[in-house]
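*Asks:* Here's my sequence, what's the structure:
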Amino acid sequence: MPSAESVLRELADEGATGALRLGKAGVFYLTGGRVTYAESHCCPRVEDLLVAGGRVGAQTVRQARQASSEERWGGDLLVDRGVLTRGELEFCVLGAVLDAAFFLFGASGFRPRFRPDDRHWLGPQWYFDVTGLLREHGRRRAQLEQAWPSAELDTLPVVPLARIPAQQVMLTSLQWEILVGADCSATPADLARKLGRPAYSVLLAVRQLGAAGLLRRPEPSPGAPAEAPPEPPEPPEPPEAPPETLPRRTGGAGRARELAETGPAPDRPPVWMPAATADPTDVNLLIRLRNALEALA
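*Replies:* Residues are numbered from 1 along each chain as shown. Now for the predicted structure:
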């Protein structure tokens, strides 16, 4: 069964115009061999993002869709009526296509079918080369693996922990929306539609939350061998101090002879200790260390 990648490349070489449907996974729309729109069942559509963000009303979208034609596309109607600017529409289409293409290239078990001259009601608003879409798919896949090298949370309900394993955490605005919007039954794709956010952005944020230990991981099935959870890459360890800079322990007699030979030490810290500074970063670091030690006490 041919892959979406191979079929798209053939259609691009032919300069085809139409819709490449990948079963229930979704569809690519092409104009002159370039992708102009894409939809995936995993992602919110452009109209979903606009309505969820409060930028456009559902009735306005429905009217533009019904009135669209090859002479006047629905996207042009929205711009001409002053509902959206051209830049807003193009930016929204850009994000929606990259979002859908990521999941469509990862889909399997479908039979591609091409329908010539089948167009999307928005009309061509942005043109994507197939090679560029595949390159972006690879970049996003690597970004997911770097955040959390496990797909166990990708399709399961998002369940935040009742008690976080830290005294304080830092969250992005999207991560906060996910934790607040999670009802222990919505998957990352469900949350993307609920929040009106791109599905890939939500998926990446979920993996980051999982890597931070803020989400409940699925219980292993009975009888399944226990697997060690994937761990995020550890920060590099600080370089060890050179042996010659380490202090030398001496007894009382040895210290007395040293003082007699060299005289009293000047009023400054020993060479093996870091110099005291007034840098607020150093002070904040010490405060955080103190708080951590107090929490462990």
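*Asks:* By mean pLDDT, which helix or strand of this structure comes out lowest?
*Replies:* The helix or strand with the lowest mean pLDDT-type score in the chain, counting by mean pLDDT, DSSP states H and E, is helix 252-262 (a mean of 48).
*Asks:* Flag the shaky bits of the chain, pLDDT-wise.
*Replies:* Scanning the chain for pLDDT under 70 picks out the ranges 220-297.
*Asks:* try 80 this time
*Replies:* Judged against pLDDT under 80, the low-scoring parts of the chain cover residues 1, 219-297.
*Asks:* what's near enough to touch the most centrally placed residue in it?
*Replies:* Nearest residue to the geometric centre of the chain (Cα atoms, centre = their mean): residue 204, 2.7 Å. Residues touching residue 204, when contacts are defined by Cβ atoms under 8 Å, 6 or more residues apart in numbering, comprise 140, 143-144, 147. Quick note: C-beta positions are derived from backbone N, CA and C, even for glycine.
*Asks:* switch to 7 Å and redo it
*Replies:* Contacts for residue 204 (Cβ atoms under 7 Å, 6 or more residues apart in numbering) come out as 143-144, 147.
*Asks:* Please check those residues and keep the buried ones.
*Replies:* For the contacts of residue 204, a neighbour count by 16 or more other Cβ atoms under 10 Å gives the buried set as 144, 147.
*Asks:* could I get the contacts of residue 204 as TSV with distance to residue 196 and secondary structure?
*Replies:* Formatted as TSV, the contacts of residue 204 follow (distance: Cβ to Cβ, whole Å; DSSP: H, G, I helix; E, B strand; the rest coil):
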residue	distance to residue 196	secondary structure
143	22	helix
144	21	helix
147	22	helix
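*Asks:* What ranges does the stretch 51-200 of the chain have for its helices?
*Replies:* In the stretch 51-200 of the chain, the segments counted as helices under DSSP state H, counting those that start in this stretch are 58-67, 74-80, 86-105, 130-147, 173-181, 188-195, 199-211.
*Asks:* between the fourth one and helix 86-105, how many degrees?
*Replies:* Interaxial angle of helix 130-147 relative to helix 86-105 (axes from the mean of the first three to the mean of the last three Cα atoms, to 10 degrees): 70 degrees.
*Asks:* which helices and strands sit right next to helix 130-147?
*Replies:* For helix 130-147, the contact count by 3 or more Cβ pairs under 7 Å, 6 or more residues apart in numbering; DSSP states H and E identifies helix 4-14, helix 86-105, helix 199-211 as packing neighbours.
*Asks:* contact partners of the first one?
*Replies:* In this structure, residues lying in contact with helix 4-14 by Cβ under 7 Å, 6+ apart are 20, 22, 28, 30, 33-34, 104-105, 107, 112, 114, 130, 134.
*Asks:* try 8 Å
*Replies:* The set of residues that contact helix 4-14 without belonging to it, under Cβ under 8 Å, 6+ apart, is 18, 20, 22, 28, 30, 33-35, 104-105, 107, 112, 114, 129-130, 134.
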